[in-house]
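**Student:** Pasting the sequence and the predicted model now:
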Amino acid sequence: MTFHYNDIVDKIYSLPLEDKVELKKLLENNIANARRAEIQLHYKQSKDEEKSGNFDFSSNIDDLKKML
């Protein structure tokens, strides 16, 4: 069964208030967990770069711009 975004939104709007509040909590928790996983991945990647010697540090703004 395939749902389109607009169909899902319409279904959500038709839910009772208590269900909307519960759905909001579920989505907020899901988003927080996804962000934590993303931060953890970036941390692991930076640690791997540091171990391999591909991690550069600088306090010079021009050097930092070049690194981008």
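**Tutor:** Looks like it came in fine.
**Student:** What distance do you get for G53 to K25?
**Tutor:** 44 Å (CB to CB, to the nearest Å). Using the backbone N, CA and C atoms, a C-beta is placed for each residue, glycine as well.
**Student:** Which one's more surrounded, these two?
**Tutor:** Per other CB atoms under 10 Å, whichever of G53 and K25 has more neighbours is K25, with 10 against 7.
**Student:** Secondary structure element holding the more buried one?
**Tutor:** Secondary structure assignment for K25, by DSSP states H and E: helix 17-52.
**Student:** Show me what that helix is packed up against.
**Tutor:** When contacts are defined as 3 or more CB pairs under 8 Å, 6 or more residues apart in numbering; DSSP states H and E, helix 17-52 packs onto no helix or strand at all.
**Student:** average pLDDT for that helix?
**Tutor:** For helix 17-52, the mean pLDDT works out to 95.
**Student:** quick one: contacts for D19?
**Tutor:** Listed by CB atoms under 8 Å, 6 or more residues apart in numbering, D19 has no contact partners.
**Student:** any idea how far Y5 is from it?
**Tutor:** 19 Å.
**Student:** wait, what's in contact with S46?
**Tutor:** Here S46 is in contact with F55 (criterion: CB under 8 Å, 6+ apart).
**Student:** if I look at it, how far off is I39?
**Tutor:** When S46 is compared with I39 (using CB to CB), they lie 11 Å apart.
**Student:** Then D7?
**Tutor:** Applying CB to CB to D7 and I39 gives a distance of 33 Å.
**Student:** And for Y13?
**Tutor:** Taken as CB to CB, the span from Y13 to I39 is 33 Å.
**Student:** do the same with K24
**Tutor:** Counting by CB to CB, the gap from K24 to I39 is 23 Å.
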